[in-house]
Structures are given as structure tokens and as C-alpha cells.
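Peer 1: Need coordinates for the following:
(one chain, ligands or ions: 1)
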Amino acid sequence: MAGVTDRAFREITREISPALVMTEMISAKALLYNNARTRAMLPPPAEAPPRIVQLFGRDAEEMAAAAQILAAAGMDGVDLNMGCPAPKIVKNGEGAALLREQSRAVAIARAVARAVSIPVSVKCRLGWNAAEADAALHLAPRWEEAGIAFLTVHGRTREQFYGGRADWAAIAAVRAATGLPVIANGDIASPEDARAVLAATGCAGVMIGRAALGNPWALAAVTAALTPGAPAWRRPASAERAATAERHLDKLLAYKGEYIGVREMRKHLAWYLKGRRGAAAWRTAALQAESAAVLREIIRRAFTGEQEPGTPKLYAQYQSE
Ligand SMILES: Cc1cc2nc3c(=O)[nH]c(=O)nc-3n(C[C@H](O)[C@H](O)[C@H](O)COP(=O)(O)O)c2cc1C
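Peer 2: The predicted model follows:
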């Protein structure tokens, strides 16, 4: 997830759950140009495998060349983004726009699968809009023939963005149209959802997006429920949530420095705070924090329930330190 699944996030979730966490989507073109910021988004050798990088782009040769860079850097898999709905992506014919250019979408998968020996997968939406919601259905067998290893389907069209409900029946139809392992995605937040989507679709697995924001335990709960013989999952106590949020902060500071780390932790902490008593006020404070010390103070207080955020004056005191 762009802006979310960086190294800090991936390491935090792996401490808690064996779920596979991919990188943020990375521009194939930027990787080829050796862009320093893009390079820094790749999992470093020190990170535990599997290290799977998601690429976006629209040129098959560029995507293949970028995948070769990833394979040479020791990555364990390449995922191809054919689902991003963001205007700045689709206006370039990338992400979900590829679902309107099926020959190109297949050519990209084929070129990348031929270029590397590590597994290549595709992540897509159902199609562009309601009138073209069968794009994934038609593409799935063609991607299979092109040599990809698995397919993840978000059960929405591009036009839906994140609105409405994901169409699990449409995912089931894609699953039935291909021998590929298909991973179901969209509106899965709990073990009950995961079991329901697997029953409804016959899919090989589930992918979780938004439910994991500030809540890596969502992944732990689902992986425990779906793994035969795994110990029952137990809800983390407040102290454990606080400790995890603070470790997340520490990792962001270590990997990105204080200025960027603090700014990126703001939104993560706002997500961690969801559902806590006084969450709205704590979130406001988190989103305005100017230092790691303030973020730590919010974590300490919000998760012990020791004190509500209190007056702006109290925070003004921290901000000016
Ligand atoms: C903040 C955010 C960033 C995302 N970035 C990506 C991305 O880089 N690549 C991708 O394939 N999907 C991305 N997605 C979409 C999710 O992977 C997922 O398909 C979508 O959120 C639906 O699943 P959910 O209902 O479990 O959230 C992103 C979603 C969110 C909310």
C-alpha cells in the first residue's frame, strides 16, 4: 500500500503475523533511472524474506527490465499493479487503466514472467467501470498462459474507488475462469470475513488492505484463524498496542530520520488510535505533532487511558519544547 507498507510497517507486521506484506507500489521507470528515492523503497538485504516488490508502469520492456533489477537485488517476487485508481496513475495509462488495454496488460505480464525466474504476480481490479467489469474475468486465463504465478483481485471497478461493497461473486467468477491461485481482496477485516470470502469464492487466500492500517493484529487474527493448528489469536492489551506503536515510531525514525519519520508516524498513530477512548482528540494531537517526543507522549497517555488529551495549552507546552 502506497505511503503505508514501507520497511517499518513490514517489519512491525512480521513481528506480529506471518502474513506476507508487499512493498508500496514502485515506478518501473524510476527504478530504471536509478532514482535514489525509489531505490530506498526496496527492501534491504537485512530485511527478512519474502521480499516482494510491487511495480507499476505501462511499458512491457521497461517493466521487464525493472523486474530484472529486482531479481538481481535478491527480491523474492514481483507483483504487477493493474489496479491503482489514482488519477495521477491512470492518466498515464498505468494501474487500473491497463484493464482497458487488455493486450498490453497481457504483454506486460508475459514480458516480466519471461525476464525473471522469481515468481511474478498481478494485482488487479474487476475492470474500469460497471460496463467493463468483466475485464479481470477475460484477462485471468490470458495472464495464466503468460506465466504469472498468482493473481490478486480487488472486487471493485476503478470507477468505484473504495466506495460500495467489494463484489465477492465477481471474484468467484474470475477464480473459476483460471487455474491460477487467486487471492481475494476487498472489505476483508476479520477472521469471519476471511472465512466468508473463501467460502464464497473458493479462492486460495485473502489479501487485507485498510483493516491493517494501525492494526497489524488484523493480519494476526486472520492468519491464526486460517492456519490449521495455529494457536488461537488473542486480542492485544493496550500496553502491547502502545509498545507496538512506539516500536513503529522507532523504526521510522531509524530508517527515515526525525523530520520525515515524525511526519509519517502522524497518520500511522492516528490509525493506531482508532477506537480508543477520546480517539478524535488524540488523533488531532497526533496529526499535529512536531516531534518524536510528542508522539511518544501521546502513545503513553492515550493507551494507558491515564488522561484525556486535555487542553490545547497542555499540548502547546510539548510543541514548544
Ligand atoms: C492508503 C492505501 C494505499 C494503497 N496502495 C496500494 C498499492 O500501492 N498497490 C496496490 O495494489 N493496492 C494499493 N491499495 C489498495 C489495497 O491493496 C486494496 O486493494 C484495497 O484497499 C481493498 O482492500 P481492503 O478493503 O482490504 O482495503 C491501497 C489502499 C490504500 C487504502
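Peer 1: tell me, how many neighbours does P191 end up with?
Peer 2: Neighbour count of P191, defined by other Cβ atoms under 10 Å: 16. Bear in mind the C-beta positions are built from the backbone N, C-alpha and C, glycine included.
Peer 1: Without its sequence neighbours, what residue ends up closest to it?
Peer 2: A225 (3.4 Å; Cβ to Cβ, 6 or more residues apart in numbering).
Peer 1: cool, and I183?
Peer 2: The shortest distance from I183 to any residue that is not its chain neighbour, by Cβ to Cβ, 6+ apart, is 4.1 Å, and that residue is T152.
Peer 1: Ok, A230 next?
Peer 2: The shortest distance from A230 to any residue other than its chain neighbours is 4.7 Å, reached at A224 (Cβ to Cβ, 6+ apart).
Peer 1: Now the one you found: which helix or strand?
Peer 2: With the criterion set as DSSP states H and E, the secondary-structure element containing A224 is helix 217-226.
Peer 1: what inclination does the helix or strand following that helix have with respect to helix 217-226?
Peer 2: Once the chain leaves helix 217-226, the next helix or strand it forms, by DSSP H and E, is helix 238-272. An angle of 120 degrees separates the directions of helix 238-272 and helix 217-226 when computed by axes from the mean of the first three to the mean of the last three Cα atoms, to 10 degrees.
Peer 1: buried residues in helix 238-272?
Peer 2: Applying a neighbour-count criterion of 16 or more other Cβ atoms under 10 Å, the buried positions in helix 238-272 are 241-242, 244-246, 248-253, 255-256, 261-262, 264-272.
Peer 1: which helices and strands does it pack with?
Peer 2: helix 7-16, helix 279-288, helix 292-304 (3 or more Cβ pairs under 8 Å, 6 or more residues apart in numbering; DSSP states H and E).
Peer 1: average pLDDT for the second one?
Peer 2: The one in question is helix 279-288. For helix 279-288, the per-residue pLDDT values average out at 95.
Peer 1: Report the buried residues of that helix.
Peer 2: Per 16+ other Cβ under 10 Å, helix 279-288 contains these buried residues: A279, A281, W282, R283, A285, A286.
Peer 1: ok, the fifth one touching I299?
Peer 2: Okay, so that is A285. No - with contacts counted by Cβ atoms under 8 Å, A285 stays clear of I299, the gap being 10.8 Å.
Peer 1: ok so, going back, for N92, which of the helices and strands packed on helix 238-272 is the nearest?
Peer 2: Judged by Cβ to Cβ, the one of the helices and strands packed on helix 238-272 that comes nearest to N92 is helix 7-16, at 26.0 Å.
Peer 1: can you pull the contacts of the residue in the chain that the ligand sits nearest to?
Peer 2: Here the chain gets closest to the ligand at one residue, G209, 2.7 Å apart by Cβ to the nearest ligand atom. Shown here is G209, whose contacts under the criterion Cβ atoms under 8 Å, 6 or more residues apart in numbering are M1, N185, G186.
Peer 1: got the phi/psi numbers for the second one?
Peer 2: Read that as N185. Listed backbone geometry of N185 is phi -140, psi 140, with angles given as degrees, to the nearest 10.
Peer 1: Thanks again, I'm all set now.
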